[in-house]
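Asker: Next come a sequence and a model predicted from it.
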Amino acid sequence: MKRLTAYVLLLALLLTGCGGSVDPDEAQESIQVIAMDTAMLITTYGERSPAAAYACEDTIRDLEAKLSRTDPDSEVSRLNAAGGAVLEVGEDLGVLLDAAAYYQFTTGGAFNIAIAPLASAWGFTEDHFRVPSQEEISGLLKLVNGFSLQQTPEGVALGPGQSIDLGAIAKGYAADKIVQVLQEYEVPRANINLGGNVLAYGTRPGGAPWRVGIQDPKRTDEPNAFAGVLELEDSFAVTSGGYQRYFEENGKRYHHILDPATGYPADSGLASVTVVADCGEGSGLSGMMCDALSTALFIMGEETALDFRRNWSGLPFELVLITEDGRVVATGGLADRFTLDESSGYTYEEAAS
Ligand code: ADP
Ligand code: MG
């Protein structure tokens, strides 16, 4: 009997790691989550890695339930269907609406969540792709550019006919909330990919930076065909590109990032924009910033995007721009962290500071 008790005790010690010999880097959990219209991969390390990974999934699913435009029960859908009536909104949607207004203002209207009716007209929301007539586009642009959000103590209301789509900012916000979860679960390191929104948290096991590939926009049919690789720790890297979602009609390609100045898919000479920022202490909602800016800077084009960054007074960020004429342009802070894939055929330039 005594021997059995001792054996059970030893087993319990081994399982709980009280022997002090458990390497937190050996404890790893990887889960795939299909949410927010994309495939996500969550990899956490540390003794609480399974619980942390599932808590990240819960955070994503909770946000999706509130923010989805295609789920009729979400807060966003109810706001869009409210016909201009005031609706009380929860904390997450409140934060996102404030941020969206800020990014719309600071990007001179390139970022605009009231793009929703236009995105629907192009069929990007429901996958019924079509090229709307110029007349239809002009009519919808009035709604988009006349976007006004009424904020009252009781809640918020959209203008008549207006509706919102948080597709360009919600994953970045989810990444910010995931940072909080990882801190709460004392996760030492994690690699989170929310479909184009990467969170390189801590370092790789062993202390080297995470390697984050930037998709080659010309070779999207090849997984892991990169224009180059970034070495990052405690950072967000968010990419927007015209190759992510598109359809073709009469030999012309139409993608999902719409320019509120024209109502057409942005045609700025850029193939993709990657925005990189810190996720460490004092970085606030920088995941959301990366997401909003990757979309807006893609619309602006190379020169305007680089000027925008020079004049930016918010949280610092770095850029990797891939141009349609075959150049990769990185800002100075990434010079030591970006390696071009020589076989990709791109030329590398450092942007003037
Ligand atoms: P992805 O979501 O594919 O990673 P983005 O972050 O660039 O890429 O967001 C693109 C989505 O944002 C579109 O699918 C659409 O829902 C929405 N969108 C398109 N154009 C704009 C725009 N000018 N401003 C804000 N949101 C936009
Ligand atoms: Mg975005």
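Answerer: Yep, that arrived. Numbers count the residues shown, from 1 in each chain. Ligands and ions are numbered 1, 2, ... in the order given.

Asker: For residue 34, what is the enclosing helix or strand?
Answerer: Residue 34 belongs to strand 28-35 when assigned by DSSP states H and E.

Asker: Check which helices and strands that strand is in contact with.
Answerer: strand 38-45, helix 49-67 (3 or more Cβ pairs under 8 Å, 6 or more residues apart in numbering; DSSP states H and E). The C-beta positions use only the backbone N, C-alpha and C, and glycine is treated the same way.

Asker: got TSV for the ones you listed, with mean pLDDT, mean neighbour count and distance to ligand 2 too?
Answerer: Shown next, in TSV, are the helices and strands packed on strand 28-35 (pLDDT from 0 to 100; neighbours: other Cβ atoms under 10 Å; distance: least, Cβ to the ion, whole Å):
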stretch	mean pLDDT	mean neighbour count	distance to ligand 2
strand 38-45	97	20	12
helix 49-67	98	19	14
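
Asker: got TSV for the ones you listed, with distance to residue 173 too?
Answerer: Output for the helices and strands packed on strand 28-35, formatted as TSV (distance: least, Cβ to Cβ, whole Å):
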stretch	distance to residue 173
strand 38-45	14
helix 49-67	7
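
Asker: Of the ones you listed, give the one that comes closest to residue 121.
Answerer: Closest approach to residue 121 among these (Cβ to Cβ): helix 49-67, 21.1 Å.

Asker: Output the contacting helices and strands for that closest one.
Answerer: strand 28-35, strand 38-45, helix 75-80, helix 91-106, helix 170-184, strand 190-194.

Asker: Need the contact partners of that helix.
Answerer: Outside helix 49-67, the residues that touch it by Cβ atoms under 8 Å, 6 or more residues apart in numbering are 27-31, 33, 35-36, 40, 42-44, 46, 71, 73-76, 90, 92-93, 96, 166, 170, 173-174, 177-178, 181-182, 184-185, 187, 190, 192, 194.

Asker: remind me which residues of the stretch 1-150 of the chain are low pLDDT?
Answerer: Scanning the stretch 1-150 of the chain with the threshold set as pLDDT under 70 gives 1-22.

Asker: let's see 80
Answerer: The model of the stretch 1-150 of the chain has pLDDT under 80 over residues 1-26.

Asker: how much space is there between residue 148 and residue 93?
Answerer: In this view, residue 148 and residue 93 are 17 Å apart by Cβ to Cβ, to the nearest Å.

Asker: Which residue of these two possesses the greater neighbour count?
Answerer: Using other Cβ atoms under 10 Å as the criterion, residue 148 and residue 93 rank with residue 93 on top: 22 against 10.

Asker: pretty sure that one contacts residue 74?
Answerer: No - if you go by Cβ atoms under 8 Å, residue 93 and residue 74 don't touch, sitting 9.1 Å apart.

Asker: how many other residues sit next to residue 126?
Answerer: 10.

Asker: any idea whether it is helix, strand or coil?
Answerer: coil (DSSP: H, G, I helix; E, B strand; the rest coil).

Asker: Quick check: chain neighbours aside, which residue is closest to it?
Answerer: Excluding the flanking residues, the one nearest residue 126 by Cβ to Cβ, 6 or more residues apart in numbering is residue 120, at 6.9 Å.

Asker: how close does that neighbour get to residue 133?
Answerer: Counting by Cβ to Cβ, the gap from residue 120 to residue 133 is 15 Å.

Asker: Tell me the residues on the protein that lie near ligand 2, please.
Answerer: Within reach of ligand 2 by Cβ under 5 Å from the ion, the chain has these residues: 168, 291, 294, 295.

Asker: Scan these and report the most crowded one.
Answerer: residue 291 (33 neighbours).

Asker: per-residue confidence for it?
Answerer: Confidence at residue 291, expressed as pLDDT, is 98.
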